[in-house]
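3D, please:
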Amino acid sequence: MTDLATSTSRTVPVVPDARLGDSQRARLQVLEAAITMLRRYAFHEASYDLVASTAGVPVAEVKALFPTWESLLIGTLDLWHGRRTAPILPVAERHGAAAFLRALVQSNIEDPGLMRVLSATVNIAATPGHPMAPHLHEAWRHFHVTVMRQLAKDIEAGREPDTMQPARGAEQLIALYEGLQLQSMVRPGMNMLDAFDRAVTRMRDGWSKTYTPPVWDLDIT
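Sure, this is the predicted structure:
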């Protein structure tokens, strides 16, 4: 899971400071500090102490606002991802799902910190009983549904062929996006945008053909 639901923050509203109450302003200050901290440090190094020192406030104040580490992480990811995604959402309506994912790739290249953090949460999402897992599962499902619905609109608009099933297309497009993102993090010299463009072009060409179930005739004995 390397992306969240395409929505703005549910924890702290993205509104001008003048319209925030003291408590909301304090929470926003801490979340801003958490974003800065996660850009500087690896996910496994993150801590209340680092957030507090980055924000310039006592650790006790951070814990009073976010009593659990999970609540602080969720708030941080929601705010960070919401700000990253909001300006990109119009791309989907104007140019389609594939262009939307490409815009996310470009944004991740410009600010790789968020993608590193989201990739680190995969282990959390896959851990049974972890308090953050349900939130991450919901976020990923929302992301898949968002892409799927946009692909359905793309078919109606003639941007994509009707031989492509939106649910399957979303699986494939997201798999390509997430898989290449992961590769780019362990292959520093990789041209992520070029790799995405080439792979999407090949995939969309396949969408224009009627699907034929493969026959695997493998002799492994």
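
show me where the chain has helices.
22-40, 48-55, 59-65, 69-85, 89-95, 97-110, 113-120, 122-125, 133-157, 166-186, 192-207 (DSSP state H).

among the ones you listed, which is nearest residue 220?
Among the helices of the chain, the nearest to residue 220 by Cβ to Cβ is helix 166-186 (25.2 Å). In short, each C-beta sits where N, CA and C put it, glycine included.

Against which helices or strands is the closest one packed?
Applying 3 or more Cβ pairs under 8 Å, 6 or more residues apart in numbering; DSSP states H and E, we find helix 166-186 packed against helix 97-110, helix 113-120, helix 133-157, helix 192-207.

and the shortest one, how far from the chain's centre?
Its chain's C-alpha centre lies 8 Å from the corresponding centre of helix 113-120 when counted by Cα atoms, centre = their mean, to the nearest Å.

how about the helices of the chain in JSON lines, adding distance to residue 220 and mean pLDDT?
Below are these laid out as JSON lines (distance: least, Cβ to Cβ, whole Å; pLDDT from 0 to 100):
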{"stretch": "helix 22-40", "distance to residue 220": "45", "mean pLDDT": "94"}
{"stretch": "helix 48-55", "distance to residue 220": "50", "mean pLDDT": "98"}
{"stretch": "helix 59-65", "distance to residue 220": "55", "mean pLDDT": "97"}
{"stretch": "helix 69-85", "distance to residue 220": "43", "mean pLDDT": "95"}
{"stretch": "helix 89-95", "distance to residue 220": "43", "mean pLDDT": "96"}
{"stretch": "helix 97-110", "distance to residue 220": "36", "mean pLDDT": "96"}
{"stretch": "helix 113-120", "distance to residue 220": "33", "mean pLDDT": "93"}
{"stretch": "helix 122-125", "distance to residue 220": "30", "mean pLDDT": "94"}
{"stretch": "helix 133-157", "distance to residue 220": "33", "mean pLDDT": "96"}
{"stretch": "helix 166-186", "distance to residue 220": "25", "mean pLDDT": "96"}
{"stretch": "helix 192-207", "distance to residue 220": "27", "mean pLDDT": "97"}
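
any chance of the ones you listed in TSV, with distance to residue 218 and mean neighbour count too?
Output for the helices of the chain, formatted as TSV (distance: least, Cβ to Cβ, whole Å; neighbours: other Cβ atoms under 10 Å):
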stretch	distance to residue 218	mean neighbour count
helix 22-40	44	18
helix 48-55	50	18
helix 59-65	55	16
helix 69-85	41	20
helix 89-95	39	14
helix 97-110	32	19
helix 113-120	32	20
helix 122-125	30	15
helix 133-157	30	18
helix 166-186	22	18
helix 192-207	22	15
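
quick revisit: of all the helices and strands packed on helix 166-186, which one is nearest residue 30?
Nearest of the helices and strands packed on helix 166-186 (Cβ to Cβ): helix 113-120, 16.1 Å.

by how many degrees do that closest one and helix 22-40 diverge?
Here helix 113-120 runs at an angle of 80 degrees relative to helix 22-40 (axes from the mean of the first three to the mean of the last three Cα atoms, to 10 degrees).

From the contact counts, what lies against helix 113-120?
helix 22-40, helix 69-85, helix 166-186.

which residues are contacting the last one?
Counting by Cβ atoms under 8 Å, 6 or more residues apart in numbering, helix 166-186 makes contact with 1-3, 97-98, 101, 104-105, 108, 112, 115-116, 119, 143-145, 147-149, 151-152, 155, 160, 190, 192, 195-196, 199-200, 203, 207, all of which sit outside it.
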